[in-house]
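*Asks:* Got a sequence here, can you build the structure:
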Amino acid sequence: MNIDARTVFASNLSTAILGFGIFIATYDIAAISISIVVLGKLWHITKFLEGLLGTATLIGAALGAISGGFLADLIGRRGMLVYDFIGYFLASMLSALSINYWMLFIFRFIIGLTIGADYAIAFPYISEMRPKNKMNKDMAMVMFAANFGMVIAYGAGGMFLGLGNYGWRYVLALGGILAIPAIILRYKIVESPLWSQRRLKKSIFRHFSKNEKKSIAFSSAAWFAYQVGDQGLSIFLPTIMVFMLGVGFSLSSYYSLIVKAVTIPAALLTVYTIDKLGKKFLQTYGFLGRSIALLSLGFIIIYGFDIRYYGILLLLAAYFFGAAGPDKTVVISPVDSFRYEVRCTGEGLSESFGRLGGIFGVLMFGFIATYIGIGTGITVFGILDLFGFIISAIFMSGTLKYKSYINNVKT
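*Replies:* Just a heads-up that it's a prediction; the model follows:
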């Protein structure tokens, strides 16, 4: 195998390994949403504390994105990608052994630190390892793996929650068990050659250009707008299923799996169209479709219409449009805007605002669902997606028209 072939093999292997890591991270986010359904009654915690527990990982992820991205630019990508998953494994197993609310909260926060760092580093790393003409498709493929994480988590919930009061522990522990092969595989990846050549030598804050700062502002706003509804729905989807269908905890997990499964074909569609339609096209119209679906769902709940069938269809539409657009593009777009020296830091800063959006979405929905109603909470999600549509249409670089893309290719 010559040097070029070894380089191609290493980059392909790295992309596959990081996709497995993102799969585990999204499994974990869905796993806590399943556990919350049970723990609310088992530990007699309030809706507010349920929501706070749901945000523990997101709070950690916001801090982990900034610190992890900075350290990856400072000391290298490979080491951070290995050691953050060792931290994830330890915290995940200990969270499954928690004996009270605050012990679980602390370990969920630590898990968040590792997940936030992983997202901030993985996509810049892929962009530096893959050829430019394959970069977007490969990053979309890694995010495609994320959709399976939540589907598997909901399936595990449906299976384990029926085993009694300890079922939630098995759901959380499974994430740690899955991390073991991921850690072993990550030792096989190589350091980014571009980082090695252009590693940061001065203070990070002196290195963002004016255009890079503008990119941080836009990508942060778009990521925030999407994560409000994405994390809010992910954490409370089993709860919403109980409300809409009047089913038990175990069945609510299975119904959540069915709804979430629509993201798999939607994400696959993104993988095969991202270079043809462009990131702006997918993000803008994805935000719009998701907004219309959630606003419609909120409306029929508020005004007391039969939600059993229409509600499921609208949730399917919301998840489809999200997975076919902004769910992928808000994550992978920032890497285009930063130089190698500050790429992970820029990605991490954008991600941290997205995580703050997730925190707001979870806490907001928990409060509104308790004191006003689930329909109003879902309506707020739709309004934030509408905001994402507007700012993407105005500020995101690229084109909204497929024909314009074709003309640009021809010229």
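
*Asks:* where do the helices sit along the stretch 101-250 of the chain?
*Replies:* For the stretch 101-250 of the chain, the helices defined by DSSP state H, counting those that start in this stretch cover 101-129, 132-160, 167-186, 193-198, 210-245, 249-260.

*Asks:* I'd like to check what contacts the last one. Which residues are they?
*Replies:* Judged by CB atoms under 8 Å, 6 or more residues apart in numbering, the contacts made with helix 249-260 from elsewhere in the structure are 30, 34, 37-38, 147, 150-151, 154-155, 157-158, 161-162, 237-239, 241-242, 245, 247, 312, 315-316, 319. Backbone N, C-alpha and C define where each C-beta goes, glycine included.

*Asks:* Looking at the helices of the stretch 101-250 of the chain, spot the one closest to Ala369.
*Replies:* Proximity to Ala369 (CB to CB) singles out helix 210-245 among those, at 7.3 Å.

*Asks:* buried ones in the closest one?
*Replies:* 212, 215-216, 218-244 (16 or more other CB atoms under 10 Å).

*Asks:* pLDDT (mean, whole number) over the helix or strand where Leu282 lies?
*Replies:* Using DSSP states H and E, Leu282 sits in helix 279-302. On average, the pLDDT along helix 279-302 is 94.

*Asks:* just for the stretch 101-250 of the chain, where's the confidence low?
*Replies:* Along the stretch 101-250 of the chain, segments meeting pLDDT under 70 span 161-162, 164, 198-206, 248-250.

*Asks:* how about 90 then?
*Replies:* Flagging of the stretch 101-250 of the chain using pLDDT under 90 yields the residue ranges 119, 122-172, 175-176, 178-179, 181-216, 229-250.

*Asks:* what about the longest helix anywhere in the chain, distance to the chain center?
*Replies:* In the chain, taking DSSP state H as the definition, the longest helix is helix 3-42. Remark: helix 3-42 is offset 10 Å from the chain centroid, using CA atoms, centre = their mean, to the nearest Å.

*Asks:* repeat for stretch 135-147
*Replies:* Stretch 135-147 sits 12 Å away from the centroid of its parent chain (CA atoms, centre = their mean).

*Asks:* Quick check on the residue nearest to Gly232 when sequence neighbours are not counted: phi, psi?
*Replies:* Leaving out its chain neighbours, the residue that sits closest to Gly232 by CB to CB, 6 or more residues apart in numbering is Gly361, at 3.4 Å. Per-residue torsions, Gly361: phi -60, psi -40 (degrees, to the nearest 10).

*Asks:* Same check on Trp43?
*Replies:* The phi/psi pair for Trp43 (degrees, to the nearest 10) is phi -100, psi 0.

*Asks:* from what I can see it touches Met103, true?
*Replies:* No. Trp43 lies out of contact with Met103 (CB atoms under 8 Å); the separation is 11.1 Å.

*Asks:* circling back: narrow the contacts of helix 249-260 to just the buried residues.
*Replies:* 30, 34, 37-38, 147, 150-151, 154-155, 157-158, 161, 237-239, 241-242, 312, 315-316, 319.

*Asks:* roughly how far is the helix or strand hosting Gly79 from the heart of the chain?
*Replies:* Following DSSP H and E, one finds Gly79 within helix 77-96. Here the centre of helix 77-96 is set off from its chain's centre by 17 Å, with CA atoms, centre = their mean.

*Asks:* Next, the angle from it to helix 3-42.
*Replies:* 20 degrees (axes from the mean of the first three to the mean of the last three CA atoms, to 10 degrees).

*Asks:* Please verify my assumption that Tyr187 contacts Tyr83.
*Replies:* No. Under the criterion of CB under 8 Å, Tyr187 makes no contact with Tyr83, lying 10.7 Å away.

*Asks:* circling back: show the subsequent helix or strand relative to the helix holding Leu282.
*Replies:* Assigned by DSSP H and E, the successor of helix 279-302 is helix 310-323.

*Asks:* Flag every buried residue along that next one.
*Replies:* By neighbour count with 16+ other CB under 10 Å, helix 310-323 contains the buried residues Gly311, Ile312, Leu314, Leu315, Leu316, Ala317, Ala318, Tyr319, Phe320, Phe321, Gly322, Ala323.

*Asks:* Please name the spatially closest residue to Met396 (chain neighbours excluded).
*Replies:* Lys280 (4.6 Å).

*Asks:* scratch that, Asn147
*Replies:* Leaving aside its sequence neighbours, Asn147 sits nearest to Thr263 (CB to CB, 6+ apart; 4.3 Å).

*Asks:* check contacts around the one you found.
*Replies:* Applying CB under 8 Å, 6+ apart, the residues near Thr263 are Asn147, Met150, Val151, Tyr319, Phe320, Gly322, Ala323, Asp327.

*Asks:* how much space between it and Ala222?
*Replies:* According to CB to CB, to the nearest Å, Thr263 stands 19 Å off from Ala222.

*Asks:* what's the answer for Asp28, then?
*Replies:* Distance of Asp28 to Ala222, computed by CB to CB: 24 Å.

*Asks:* what do you get for Pro193?
*Replies:* As judged by CB to CB, Pro193 and Ala222 stand 30 Å apart.

*Asks:* Check Gly388 too.
*Replies:* To Ala222, Gly388 is 6 Å away according to CB to CB.

*Asks:* Touching both of the two, which residues are there?
*Replies:* Common contacts of Gly388 and Ala222, defined by CB under 8 Å, 6+ apart, comprise Gln283, Pro326.
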